[in-house]
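Novice: Here is a sequence with its predicted model. Questions after.
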Amino acid sequence: MDVHPAPENHGIVFERIDLHGPQSARCIKVGVDALIEANLCTKLGNAHGATVSTVEHLMAALAGCGIHNARIVLNGPEVPILDGSARPFVAAFVDAGMKRQGAPLMAIRLRRPVEIRMGDAWARLEPADQLSIAFEIDFPDAAIGRQHLELELCNGTFVRELSDCRTFCRQADVDFMRANGLALGGSYENAVVVSGEDVLSPGGLRRANEPVRHKMLDAMGDLAVAGAPILGRYVGHRAGHTLTGRLVRALMADPRAFDWVVIDAEQAHAMPGAGVCHADLAITA
């Protein structure tokens with residue numbers, strides 16, 4: 001996979017170079033129209049049947065670094081999982097450098113709350129001056145248990161506080177998936193695997209509450225599927241990719257729930273990617 005610079009107003013576009021046909025048929029532009037519901041990941045597709053899966057960590061890294069225009073070239077149907085976090089993507093972007101572009105940045109500002117529920121899980125977006133994420137999880141495994149955290153995602157907070165937090169799963173889930181021919185390429189190196197009170201992955205957790213932080217990372221990536229930064233407060237309770245995806249769809253389908261606004265110079269300093277640098281990455285090393 002390669003991530004290339006793109007011109008102003010290009011947006012984030014994935015291109016599947018392993019597919020045949022015209023370039024337009026191989027390209028998938030990020031937006032709610034491209035969202036496809038899938039279990040355990042975020043999946044996008046176009047009208048020609050081209051799809052790309054597991055985009056959430058890369059999308060979180062792009063949003064967290066303030067990158068709004070990019071062409072992502074893949075030779076397969078899935079974004080590499082790497083170590084299960086967004087940090088490798090962030091490190092690559094910071095090393096390559098990011099360029100300020102001249103076109104004004106448009107953002108989605110919440111006017112009123114939008115909420116979606118699925119059983120005992122729910123997610124809500126509500127008005128706020130800048131993006132913040134609050135998340136609560138509750139798992140029977142003592143290694144995870146109940147965790148809650150809220151952060152304002154401005155001025156590199158995503159890079160410092162969330163980008164290194166890895167996806168996690170239970171050993172019982174791993175055994176079930178492998179018995180059904182799934183996740184055969186997975187290992188303890190690209191996910192935190194727990195069983196009861198034990199963390200089975202080498203080195204244990206990177207942070208005491210790494211699981212809830214990773215859920216916030218996922219939410220950051222799923223919100224970015226809106227195609228523009230969101231100015232609002234996201235609250236998730238036992239939420240996952242499907243629920244957050246439905247929330248973004250519901251938001252964009254209700255023109256009374258949001259306004260399109262131009263980010264001015266003062267607001268720009270409070271955006272997630274403002275001032276991101278190597279020093280932010282050093283905190284996660």
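Specialist: That came through fine. Values in this document were obtained by computation on a predicted structure and should not be read as measured data.

Novice: Contacts for the helix or strand hosting residue 63 next, please.
Specialist: Applying DSSP states H and E as the criterion places residue 63 in helix 56-64. With Cβ atoms under 8 Å, 6 or more residues apart in numbering as the contact definition, helix 56-64 has outside contacts at 12, 30, 41-42, 68, 70, 72, 79, 81-82, 84-86, 89-90, 93, 153, 158-159, 162-163, 167, 217-218, 220-225, 229, 241, 272-273, 276. (Each C-beta comes from the backbone N, C-alpha and C, glycine too.)

Novice: quick one: residue 166 from residue 191, how far?
Specialist: 6 Å (Cβ to Cβ, to the nearest Å).

Novice: okay, and the common contacts of the two?
Specialist: Common contact partners of residue 166 and residue 191 (Cβ under 8 Å, 6+ apart): residue 84.

Novice: Next up, the contacts around residue 32.
Specialist: Residue 32 neighbours (Cβ under 8 Å, 6+ apart): 225-227, 248-249, 252-253.

Novice: give me that answer again for 10 Å
Specialist: By Cβ atoms under 10 Å, 6 or more residues apart in numbering, residue 32 lies in contact with 44, 225-227, 245, 248-253.

Novice: Of those residues, keep whichever come out buried.
Specialist: 44, 225-227, 245, 248-252 (16 or more other Cβ atoms under 10 Å).

Novice: send the alpha carbons of the longest helix along the chain over as PDB?
Specialist: Scanning the chain for the longest helix, with DSSP state H as the assignment, gives helix 210-223. The C-alpha trace of helix 210-223 is given here as PDB (Å, rounded to 0.1, in the frame of the first residue of the first chain):
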ATOM      1  CA  GLU A 210      -5.500   0.400  26.000                       C
ATOM      2  CA  PRO A 211      -8.700  -1.400  25.000                       C
ATOM      3  CA  VAL A 212     -11.000   1.700  25.500                       C
ATOM      4  CA  ARG A 213      -8.400   3.900  23.900                       C
ATOM      5  CA  HIS A 214      -8.400   1.600  20.800                       C
ATOM      6  CA  LYS A 215     -12.200   1.800  20.700                       C
ATOM      7  CA  MET A 216     -11.800   5.600  20.600                       C
ATOM      8  CA  LEU A 217      -9.200   5.200  17.800                       C
ATOM      9  CA  ASP A 218     -11.700   3.100  15.800                       C
ATOM     10  CA  ALA A 219     -14.400   5.800  16.400                       C
ATOM     11  CA  MET A 220     -12.100   8.400  15.100                       C
ATOM     12  CA  GLY A 221     -11.600   6.500  11.900                       C
ATOM     13  CA  ASP A 222     -15.200   5.700  11.500                       C
ATOM     14  CA  LEU A 223     -16.300   9.300  11.900                       C
END
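
Novice: Just after it, pick out the following helix or strand.
Specialist: Downstream of helix 210-223, the first helix or strand assigned by DSSP H and E is strand 230-231.
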